[in-house]
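> Sequence first, predicted coordinates after that:
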Amino acid sequence: MAEPLVLIPGMMCDARVFWHQMIALSSERPVMVASPLEGATIEEMAAAILPALPERFALAGQGMGGNVALEILRRAPERVTRIALIALSVQAETPQAAAAREERIIGAQVGRLAEMVAQDLPSELLAEGPGRPDVVAMIRDMALTLGEGVYVRQCRAMQRRPDQQKGLRTAMLPAVVIGGSADPSTPLRRHEFVAEMLPYGRLVAIEGAGHLPSVEQPEAVTAAIDDWLAAPLYLRVTKR
């Protein structure tokens, strides 16, 4: 049996954000979704997820889930066979962004969760096209299903997230960085920057996708992940 694949959704997303990848890839390997729902820091979220994971596994994270994936790799490098990072920032949040997020936390706490989620994940973050309204509707439904408590904890984690650039440079394993070509919040140049810091990283640009490429262009993302899963593992031990 091929190595298990663990998928970590991003902020206010559930397993639906990886629906195509789960269906397409589960015929060849175990696939599980580990949602970062517990803890108010990236470190606490990783610590909560790790005990339930297989002994060794391939790891993919989207957005905030990518930050959690990097923390899991830092904590248990011997258990992670390869890593995929989708639409994420590896730098700490700026004071300005943290202050704006604090306002949204307060808004969610006084009953305006839907409005705050719309500010966090506006439709403009997605590529234009006929499918955008459906993706927006799914984002709203995922967020409202998860609720205010998860929103506040995940916002706190993003406010406090560590700079993870150093960890990228020491990640001696097959790695892929996947980004939407039309993502205004995390442009391709930032994804390229992340891929260049990874010793064995490569960038895959997804045309016709914005900040949620796994949903906007699911077939292309599944193909990129499938290629990454096929990469040889010997690279990790031959790098000096």
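Sure, I can see it.
> Tell me who's in contact with residue 145.
residue 14 (C-beta atoms under 8 Å, 6 or more residues apart in numbering). Any C-beta I mention is one placed from the backbone N, CA and C, and that applies to glycine too.
> Ok, residue 214 next?
So residue 214 contacts 17, 18, 20, 21, 62, 86, 221 (C-beta under 8 Å, 6+ apart).
> how many other residues sit next to the third one?
Residues lying near residue 20 (other C-beta atoms under 10 Å) number 18.
> just the fourth one next, same as before
Burial measure for residue 21: 23 neighbouring residues, criterion other C-beta under 10 Å.
> can you check the one 4 residues further on too?
Residue 25 sits with 20 neighbouring residues when counted by other C-beta under 10 Å.
> Quick check: nearest residue in space to residue 15, chain neighbours excluded?
residue 33 (4.2 Å; C-beta to C-beta, 6 or more residues apart in numbering).
> And for residue 186?
Nearest residue to residue 186, sequence neighbours excluded (C-beta to C-beta, 6+ apart): residue 87, at 5.3 Å.
> The one you found and residue 63 touch, don't they?
Yes - counting by C-beta atoms under 8 Å, residue 87 touches residue 63, with 5.4 Å between them.
> who touches both of those two?
With C-beta under 8 Å, 6+ apart as the test, residue 87 and residue 63 both reach 10, 211.
> So which of the contacts of residue 214 sit within strands?
Among the contacts of residue 214, the members falling in strands (DSSP state E) are 62, 86.
> could you pull out the strands for this protein?
Taking DSSP E, the strands of the chain run over residues 5-8, 31-33, 57-62, 80-86, 175-180, 201-206.
> Take the ones you listed and lay them out in JSON lines including distance to residue 74.
Converted to JSON lines, those look like this (distance: least, C-beta to C-beta, whole Å):
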{"stretch": "strand 5-8", "distance to residue 74": "14"}
{"stretch": "strand 31-33", "distance to residue 74": "20"}
{"stretch": "strand 57-62", "distance to residue 74": "12"}
{"stretch": "strand 80-86", "distance to residue 74": "10"}
{"stretch": "strand 175-180", "distance to residue 74": "14"}
{"stretch": "strand 201-206", "distance to residue 74": "16"}
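> wait, which of those strands is closest to residue 138?
strand 57-62 (13.8 Å; C-beta to C-beta).
> need the longest helix for the protein.
helix 132-159 (DSSP state H).
> And the lowest mean pLDDT element among the helices and strands of the chain?
Using mean pLDDT, DSSP states H and E, helix 235-238 stands out as the lowest-scoring helix or strand of the chain, at a mean of 44.
> Residue 205 contacts residue 187, correct?
No - assessed by C-beta under 8 Å, residue 205 is found out of contact with residue 187, at 10.5 Å.
> Now the common contact residues for these two.
Common neighbours of residue 205 and residue 187, counting by C-beta under 8 Å, 6+ apart, are residue 179.
> the more surrounded of these two?
Higher neighbour count among residue 205 and residue 187: residue 205, with 18 against 14, using other C-beta under 10 Å.
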